[in-house]
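**Q** quick one, structure for this:
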Amino acid sequence: MTAPFFKNLDLATFWDDSDYARKEYVSAPPDDALIRELELELGYRLPASYIWLMKQQNGGIPHHLNFPTGEPTSWAEDHIAITGIMGIGREKANSLGGDFGSRFWIEEWQYPDIGIAICDCPSAGHDMVFLDYRECGPEGEPAVVHVDQEDDYRVTWLADNFENFICGLVNDEVYDTSAEDKQADLEMARHGAFSATLADLCSRADRVPNIEQAIREVARQIIEDKGFFALHADERSYLLYDIQFWLYANAHPQVTQADYLKAYPDIIAFGGQFTTGGYAPAFIEDWLKARIDRGDIDVQNGTLSLTAQAKAALMEKVNAAIAG
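**A** Model (predicted):
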């Protein structure tokens with residue numbers, strides 16, 4: 001039977017079947033009831049080509065991650081890049097109804113309410129790809145646009161429809177600086193100077209003299225996994241969030257949530273050569289809430305501290321990182 005969409009696309013080689021993709025994006029194929037439920041929740045009819053593609057594989061990371069643009073964006077002069085395509089579901093954080101789904105970006109990050117966030121980007125929230133229903137209405141066939149939070153939520157047209165967008169994705173080799181970028185990030189992880197804040201915090205952690213080595217090793221693992229240094233909601237990112245909090249609470253025993261959220265940007269996000277070059281505040285807030293809810297971080301009269309059990313577990317992971 002001839003496929004109704006993407007006739008010139010080899011879907012057998014479209015998706016990158018990696019552990020990270022399966023963990024963060026891929027859900028079971030959606031049934032019609034779930035599709036309709038999410039359409040009602042989001043307020044828009046999903047494109048038929050998108051539904052068809054998600055029934056073949058529900059979310060994931062394509063091999064081709066770049067889309068040409070006729071104008072510069074915060075990402076590049078002539079293209080944008082995506083990290084993955086959100087599936088139809090709620091189970092995975094990176095799905096339409098997940099923790100980092102479409103409504104999250106509109107309600108928490110103030111992206112314009114023009115439709116549905118469909119793809120995240122390597123900037124950890126500072127640009128996104130949307131289905132844009134402004135011209136067609138909620139029941140029509142949406143265009144695909146890039147929305148640039150770094151440029152006052154500037155909207156850049158990409159394609160007339162989702163099918164054209166998918167067919168227009170191109171391989172990294174077309175704009176390939178990934179190998180050089182990865183090597184630069186690995187060199188930064190090995191030798192980049194810590195921010196003054198992080199260096200000071202490490203100097204106060206005298207019980208773990210090799211904490212700097214552990215931080216650099218966790219960063220190296222993140223870069224090897226992703227190809228770049230960025231913290232999201234994955235396991236290794238959470239480990240680096242945990243280490244940063246432990247260091248800060250060790251140096252500032254009376255830290256409150258407001259104190260820590262204010263101090264966080266100066267630790268790794270900015271301020272040194274060893275840096276992610278930015279961060280997503282909502283990710284930090286979600287990590288902190290998750291740790292409090294799980295009982296790893298205790299709250300007493302507004303003061304935060306790692307529990308003894310959580311600290312012991314963290315030290316095991318830190319020592320494992322030091323050991324390589």
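**Q** quick one, helices of the protein?
**A** 19-24, 32-42, 48-56, 102-107, 162-168, 178-191, 196-204, 211-226, 235-251, 257-263, 281-294, 308-323 (DSSP state H).
**Q** excluding chain neighbours, what is closest to residue 189?
**A** Nearest residue to residue 189, sequence neighbours excluded (Cβ to Cβ, 6 or more residues apart in numbering): residue 219, at 4.2 Å. C-beta here means a position set from N, CA and C on the backbone, and glycine is covered the same way.
**Q** assess the claim that that neighbour and residue 231 are in contact.
**A** No: using Cβ atoms under 8 Å, residue 219 makes no contact with residue 231, being 9.4 Å away.
**Q** mutual contacts of these two, please.
**A** Residues touching both residue 219 and residue 231 by Cβ atoms under 8 Å, 6 or more residues apart in numbering: residue 240.
**Q** mind giving me the domain split of the chain?
**A** Dividing the chain into domains by automatic domain parsing, as the record does, gives the ranges 11-175, 178-323.
**Q** any idea which of these is most buried?
**A** domain 11-175 (a mean of 18; mean count of other Cβ atoms under 10 Å).
**Q** in PDB, list the C-alpha atoms belonging to stretch 306-314.
**A** Listed next in PDB are the C-alpha coordinates belonging to stretch 306-314 (Å, rounded to 0.1, in the frame of the first residue of the first chain):
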ATOM      1  CA  LEU A 306      20.200  17.500  51.100                       C
ATOM      2  CA  THR A 307      19.100  14.700  53.300                       C
ATOM      3  CA  ALA A 308      21.900  12.500  54.700                       C
ATOM      4  CA  GLN A 309      20.600   9.600  52.500                       C
ATOM      5  CA  ALA A 310      20.600  11.700  49.300                       C
ATOM      6  CA  LYS A 311      24.000  13.100  50.100                       C
ATOM      7  CA  ALA A 312      25.400   9.600  50.600                       C
ATOM      8  CA  ALA A 313      23.900   8.500  47.200                       C
ATOM      9  CA  LEU A 314      25.300  11.700  45.500                       C
END
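**Q** ranges for the strands of the stretch 51-200 of the chain?
**A** 66-68, 79-81, 84-85, 115-120, 127-132, 143-148, 154-159 (DSSP state E, counting those that start in this stretch).
**Q** partner strands of the second one, with direction?
**A** In the sheet containing strand 79-81, the strands it pairs with under DSSP bridges are strand 66-68 (antiparallel).
**Q** ok, and what's touching the partner strand?
**A** Residues contacting strand 66-68 (Cβ under 8 Å, 6+ apart): 78-82, 129, 146, 158-159, 165, 168-172, 174-175.
**Q** next: stretch 26-37.
**A** By Cβ under 8 Å, 6+ apart, stretch 26-37 touches 46, 51, 54-60, 87-89, 91-92, 95.
**Q** my read: residue 73 touches residue 80, true?
**A** Yes: between residue 73 and residue 80 there is a contact under Cβ under 8 Å: 5.5 Å.
**Q** residues shared between the contacts of these two?
**A** 127, 146, 156.
**Q** and those residues as TSV, adding pLDDT and distance to residue 28?
**A** Below are the shared contacts of residue 73 and residue 80 laid out as TSV (pLDDT from 0 to 100; distance: Cβ to Cβ, whole Å):
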residue	pLDDT	distance to residue 28
127	96	29
146	98	29
156	96	33
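**Q** with these in mind, which one is nearest to residue 269?
**A** Of all the shared contacts of residue 73 and residue 80, residue 127 has the smallest distance to residue 269: 16.9 Å, by Cβ to Cβ.
**Q** can you tell me which residues contact the closest one?
**A** 73-75, 80, 121, 146-150.
**Q** distance to residue 285 for those - can I get that in a markdown table?
**A** Output for the contacts of residue 127, formatted as a markdown table (distance: Cβ to Cβ, whole Å):
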| residue | distance to residue 285 |
| --- | --- |
| 73 | 26 |
| 74 | 23 |
| 75 | 25 |
| 80 | 26 |
| 121 | 20 |
| 146 | 25 |
| 147 | 21 |
| 148 | 23 |
| 149 | 17 |
| 150 | 20 |
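**Q** which of those sit farthest apart?
**A** 80 and 149 (12.7 Å).
**Q** so where is the protein shaky, pLDDT-wise?
**A** Scanning the chain for pLDDT under 70 picks out 1-2, 176.
**Q** off-centre distance for stretch 284-293?
**A** 16 Å (Cα atoms, centre = their mean, to the nearest Å).
**Q** kindly apply the preceding question to stretch 5-18 instead.
**A** Chain-centre distance of stretch 5-18: 23 Å, with Cα atoms, centre = their mean.
**Q** can you get me the start-to-end distance on that stretch?
**A** 25 Å (Cα to Cα, to the nearest Å).
**Q** for stretch 270-290, same thing?
**A** Span of stretch 270-290 from end to end, Cα to Cα: 24 Å.
**Q** contacts for that stretch, please.
**A** 99, 104, 108-109, 123-126, 188-189, 192-199, 216, 219, 229-233, 237-238, 241, 245, 257, 260-261, 264-265, 268-269, 297.
**Q** and stretch 302-309, by the same measure?
**A** Contacts for stretch 302-309 (Cβ under 8 Å, 6+ apart): 245-246, 249, 253-257, 260, 292, 295-298, 314.
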